[in-house]
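Visitor: Quick one: sequence and predicted model below, then my questions.
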Amino acid sequence: MILYPHFDTNAAGHLTVGGMDTVALAREFGTPAYILDENVIRQNCRTYLSAARAHFGENALPLYASKALSFTGIYRIVAEEGLGIDCVSGGELYTAKNADFPAERIYFHGNNKTDADLRQALLMGVGTIVVDGMEELEALDAIARELGKTQKILLRITPGIDPHTHRAIMTGNVDSKFGNAIVTGQALAITKKALSLGGVVLAGFHCHIGSQIFDIEPFRDAADIMLKFIADVKAATNFEATELNLGGGLGVRYTEDDRGIDYADAIAKIAEIVREGAKKSGVAMPRVILEPGRSLVAAAGVTLYTVGSVKEIPGFRNYVSVDGGMPDNPRYALYGSQYTALIANRANDPKDYRATVAGRCCESGDLIGEGMALQAPRRGDILAVLCTGAYNYSMASNYNRLPRAPIVLVKDGKAKIAVRRESYEDLVRCDQK
Ligand code: LLP
C-alpha cells in the first residue's frame, strides 16, 4: 500500500491502482492520463451517505461538490450512489443535466451567478439555490416570479472563522468575496429581505469554511456560530431555519506527512457538535447538508506521465521533465501543493533520487513538485503522481496548446475511457479561420 490501500505494487514491481497495472494502462491509453478508481469514489460516497444518515438522521444529504472533478460520468456515479450535488456554474449544471442527474438534488452555488445562470437553474428545476448576495436575491426573485415559480433557497453566510488552511482556499472569513457576514449585520438584513419576497422560499443557511482541513474544531466554531445565528434570526423574525449546509472541506492524504481522516468518525463528531450547538442555542435540530468535494474524489486519482529529459545540474538540482505539467495539474504552481510521485515501472526500487518534476510548458513555474523523492528516473519511464482526482482535471487548461488528458475509469479489473483525450482538432474547434 502506498498512501491508500488501492495504490499498491504487483509481482512485476509496477504500481497498481485498484489492482490494475498502471504501466499497462499507460501503454493502452497513452500519457498523460488521469486514472480514476471508480470503486474508491463509490466507497467514499457510501461512507458519507451512511454516516450522515446514521448520525444526522435519514433526511441528511451529502452533496458532491462537483467543482472538484466535473465530467458527465461522475454525475452518473454520484446519482447512483444517492448523493446530491453542488454545482457552481452553468457549465456544471449543463454537465449534470447531460448525465440526467435528478435536478431536485442539485444545489446551485456561486458568488456571482448571472441572470442567465439563474434562469437556466430555474428552468432545469434545480432543487435549491444558495443565494450569495442581495442583488442576486432580487434578480432571482424577479426571474422566478416571471417564470411563475417559487424557488427554494439557502443564504450563504460567512461565519468569520479561520480554518488554519492555505489562505488562497480560505473562504469562510468575513473579508471574502463569498456570502454575507454575520458581524456586519448583512446576514440578518438579507434574511429579512428573503423572507419578504414571493418568488423565493427560504429554507435555511449555508457556510463553507475552507478546504483541506484536518481538524474538527473549525467545524465546531462554524456550527456554533451558525446555530446561534439561526436562534438570533428566530428571535428577530420568527423564522426558524430547517436546513443547515455546513459546506465541505475535509482533507486528504497527499503525502505520508498528511494524516488520514476517518470520514465516518468525523461526521459522527460533527453531528454531535451540531446537536449540542442546537441545544445550546435553543433551536430545533435542522436538516444537515454536507458538501465534500476533495475527500470524495482526490484519492481515487493517479496521473500517469512519460518521463522525457532527466537533467542533472551539478551543484544545483535534478530536473525530471514529463509530458504534462501545469496544464493538467496547476496545484503546485498555484498553491505549492505537495504530492507523492514514483516511477510506476520500478515502484519497488528505493526512492533514493531527489528531483524537481517539471512539465513541458515554456514557463519556469511549470512544476509538479520540487524535492520529490523518486526511484532513479530514465527517459521512457512512467511517472505516477498520486491523489490527483480532485482539482486537477477540473482546473486543467490548454496552456501552450496542449490537449487535455483523458480520464480513464478503472473498476473491478476493467478500464474504460470516461473522457477521451483532446485532439489538435478539438483545440481549433472554436477558432474562426
Ligand atoms: N462547498 C463550497 C461552497 C465550496 O466553495 C467548496 C470548495 C466545497 C464545498 C468543497 O470543498 P472540498 O470538500 O473540496 O474541500 N482549487 C482548490 C480548492 C478550492 C475549493 C473551493 N471550494 C484546490 O485545488 O485546493
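Guide: Great, that's in hand.
Visitor: CA only for contacts and neighbour counts going forward, please
Guide: Fine.
Visitor: which bits of this protein sit near the ligand?
Guide: 65, 68, 169, 208, 211-212, 247-250, 291-295, 331, 391 (Cα under 6 Å from any ligand atom).
Visitor: now with 5 Å?
Guide: Ser211, Gly247, Gly248, Gly249, Glu291, Pro292, Gly293, Arg294, Tyr391 (Cα under 5 Å from any ligand atom).
Visitor: for the stretch 51-200 of the chain, what spans make up the helices?
Guide: In the stretch 51-200 of the chain, the helices defined using DSSP state H, counting those that start in this stretch lie at 72-81, 90-98, 115-124, 134-146, 186-196.
Visitor: brain fart, the stretch 301-433 of the chain
Guide: 331-335, 424-427.
Visitor: Would you mind finding the most buried of those?
Guide: helix 331-335 (a mean of 16; mean count of other Cα atoms under 10 Å).
Visitor: returning to that earlier point: any chance of the helices of the stretch 301-433 of the chain in CSV, plus distance to Met134?
Guide: Below are the helices of the stretch 301-433 of the chain laid out as CSV (distance: least, Cα to Cα, whole Å):
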stretch, distance to Met134
helix 331-335, 31
helix 424-427, 39
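Visitor: any chance of these in CSV, plus mean pLDDT and distance to Arg259?
Guide: Converted to CSV, those look like this (pLDDT from 0 to 100; distance: least, Cα to Cα, whole Å):
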stretch, mean pLDDT, distance to Arg259
helix 331-335, 97, 19
helix 424-427, 98, 40
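Visitor: what about the ones you listed, which gets the closest to Asp132?
Guide: Nearest of those to Asp132, taken as Cα to Cα: helix 331-335 at 25.4 Å.
Visitor: Output the contacting helices and strands for the closest one.
Guide: strand 367-374 (3 or more Cα pairs under 8 Å, 6 or more residues apart in numbering; DSSP states H and E).
Visitor: Let me have the strand it packs on in CSV, keeping just the CA atoms, if that works.
Guide: Taking C-alpha atoms only, strand 367-374 is exported to CSV below (Å, rounded to 0.1, in the frame of the first residue of the first chain):
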residue,chain,number,x,y,z
LEU,A,367,6.4,22.3,-11.9
ILE,A,368,4.6,19.3,-10.4
GLY,A,369,6.8,19.5,-7.3
GLU,A,370,10.3,20.2,-6.0
GLY,A,371,12.5,18.0,-4.0
MET,A,372,10.3,15.0,-4.8
ALA,A,373,11.6,11.6,-3.8
LEU,A,374,11.6,9.1,-6.7
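Visitor: circling back to that earlier point, which ones among the residues of the chain next to the ligand lie within helices?
Guide: Among the residues of the chain next to the ligand, the members found in helices (DSSP state H) are Arg294.
Visitor: Identify the farthest-apart pair in the residues of the chain next to the ligand.
Guide: Gly247 and Tyr391, at 16.6 Å, using Cα to Cα across those.
Visitor: Mind checking which of those two has more residues around it?
Guide: Gly247 (24 against 21; other Cα atoms under 10 Å).
Visitor: which residues does that one contact?
Guide: Contacts for Gly247 (Cα atoms under 8 Å, 6 or more residues apart in numbering) come out as His206, Cys207, His208, Ile209, Ile289, Leu290, Glu291, Pro292.
Visitor: distance of it from Ile270?
Guide: 12 Å (Cα to Cα, to the nearest Å).
Visitor: per-residue confidence for the closest residue to Ala187 other than its chain neighbours?
Guide: Counting by Cα to Cα, 6 or more residues apart in numbering, Asn180 is the residue found nearest to Ala187 once chain neighbours are left out, at 4.8 Å. Looking at Asn180, its pLDDT is 96.
Visitor: what's near enough to touch Asn180?
Guide: Taking Cα under 8 Å, 6+ apart, one finds Asp132, Gly133, Arg156, Ile157, Thr158, Val174, Gln186, Ala187, Ile190 in contact with Asn180.
Visitor: Out of those residues, flag the one nearest to the ligand.
Guide: Ranked by distance to the ligand (Cα to the nearest ligand atom), those are led by Arg156 at 8.5 Å.
Visitor: Strand partners (parallel or antiparallel) of whichever strand in the chain runs longest?
Guide: The residue-count maximum for a strand in the chain (DSSP state E) belongs to strand 301-312. Applying DSSP bridges, strand 301-312 is found paired with strand 33-37 (antiparallel), strand 318-322 (antiparallel), strand 382-386 (antiparallel).
Visitor: wait, which of the ones you listed is closest to Lys351?
Guide: Nearest to Lys351, of the strands paired with strand 301-312 and by Cα to Cα, is strand 382-386 at 12.5 Å.
Visitor: and the closest one, C-alpha only, in CSV?
Guide: The C-alpha coordinates for strand 382-386 follow below in CSV (Å, rounded to 0.1, in the frame of the first residue of the first chain):
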residue,chain,number,x,y,z
ILE,A,382,6.2,6.1,-16.4
LEU,A,383,6.0,8.6,-13.6
ALA,A,384,2.9,8.5,-11.5
VAL,A,385,1.5,11.3,-9.3
LEU,A,386,-0.9,10.0,-6.7
